[in-house]
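Engineer: With the sequence up front, the predicted model follows.
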Amino acid sequence: MSIASNLRDIKGSLPEGATLVAVTKYSEQEEIMEAYEAGHRVFGENKVQDLTAKYGAMPKDIEWQFLGHLQRNKVKYIAPFVSLIQACDSERLLAEINKQGAKVNRQIPCLLQVRIAQEESKFGLLPSDLKAMVESGSFANWPFVKVEGVMAMATNTSDNEQVAHEFAIAKEVFDWLKEHSTGANFEVRTLSMGMTQDYKIALSQGANMIRIGSAIFKS
């Protein structure tokens with residue numbers, strides 16, 4: 001199967017309005033260009049160094065998203081161009097995104113990462129902490145942050161019922177955020193969850209953005 005046919009098959013299975021982020025973590029620029037030439041424009045990267053290199057070398061109509069755990073001292077390198085920072089998991093990170101957004105005079109789109117997985121290695125805000133942060137009014141101090149929704153990663157397990165339950169928790173947080181967030185910082189519309197192994201479960205639980213790498217780039 002070619003990259004173009006993989007993209008066509010996945011996109012053909014998505015509900016209307018769902019966005020596919022092609023994850024380029026393990027892909028070379030030639031492979032990414034195959035996807036680009038097939039008409040795809042939304043890509044995601046997990047490392048700042050790789051993201052800046054690919055952004056510099058590739059067509060400028062690509063929407064580059066940052067997907068990984070973001071260190072505060074590296075926000076400045078992606079602030080001028082990143083189309084979405086998916087894994088915002090602390091007030092300190094959001095404050096830094098605001099600081100760097102101010103320097104380049106752009107409101108940077110972000111997703112709040114909610115922790116739903118059982119694994120200690122996973123990052124994210126507990127649902128209660130995410131809600132408390134939104135209700136605290138902190139976002140009024142961050143005019144250069146635009147919260148567009150919620151991102152989540154389920155436990156890496158073959159137990160599909162557990163995965164579905166975890167995604168359902170993220171959907172509840174997303175629905176809460178849509179209802180309770182107000183002001184210029186919020187335009188809540190995106191629930192990003194689901195990767196190659198579990199994106200169909202994520203879609204069944206309400207995801208409207210999925211992040212897929214190997215199912216696109218590996219034949």
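Structural biologist: Perfect, I can see it now.
Engineer: Could you report the pLDDT at the residue positioned nearest the centre of the chain?
Structural biologist: Most central residue of the chain, judged by C-alpha distance to the mean C-alpha position with C-alpha atoms, centre = their mean, is residue 86 at 3.2 Å. pLDDT recorded at residue 86 is 98.
Engineer: List the residue ranges of the chain that fall below the pLDDT cut-off.
Structural biologist: Residues of the chain meeting the criterion pLDDT under 70: 219.
Engineer: Show me where the chain has its helices.
Structural biologist: When assigned using DSSP state H, the helices of the chain occupy the ranges 3-12, 29-37, 48-57, 75-78, 91-104, 127-135, 160-180, 199-204, 214-217.
Engineer: what are the bridge partners for the residue nearest to residue 195 when sequence neighbours are not counted, then?
Structural biologist: Excluding the flanking residues, the one nearest residue 195 by C-beta to C-beta, 6 or more residues apart in numbering is residue 211, at 5.4 Å. In short, each C-beta sits where N, CA and C put it, glycine included. The residues listed as beta-bridge partners of residue 211 by DSSP bridges are residue 21.
Engineer: my guess is residue 211 contacts residue 68, does it?
Structural biologist: No - checked against C-beta atoms under 8 Å, the pair residue 211 and residue 68 is beyond contact range at 10.8 Å.
Engineer: Looking at those two, which is more packed in?
Structural biologist: Neighbour totals were compared for residue 211 and residue 68, and residue 211 leads with 26 against 17 (other C-beta atoms under 10 Å).
Engineer: Run through the residues that contact that one.
Structural biologist: 21, 23, 44, 67, 86, 192, 194-195, 199 (C-beta atoms under 8 Å, 6 or more residues apart in numbering).
Engineer: Now, those that are in strands?
Structural biologist: With strands identified by DSSP state E, the entries of the contacts of residue 211 that belong to them are 21, 23, 44, 86, 192.
Engineer: Surely the fourth one touches residue 114?
Structural biologist: Spelled out, that is residue 86. No - Residue 86 is beyond contact range of residue 114, at 11.6 Å (criterion: C-beta under 8 Å).
Engineer: okay, and the common contacts of those two?
Structural biologist: Contact with both residue 86 and residue 114 is made by residues residue 151, according to C-beta under 8 Å, 6+ apart.
Engineer: And stretch 146-164, what's buried?
Structural biologist: Neighbour-count burial for stretch 146-164 flags 146-154, 163 (criterion: 16 or more other C-beta atoms under 10 Å).
Engineer: farthest pair in the residues you listed?
Structural biologist: Largest separation among the buried residues of stretch 146-164 by C-beta to C-beta: 146 and 163, giving 29.3 Å.
Engineer: on that earlier part again, do you know how far the residue nearest to residue 195 is from residue 20?
Structural biologist: Taking C-beta to C-beta, to the nearest Å as the criterion, residue 211 is separated from residue 20 by 8 Å.
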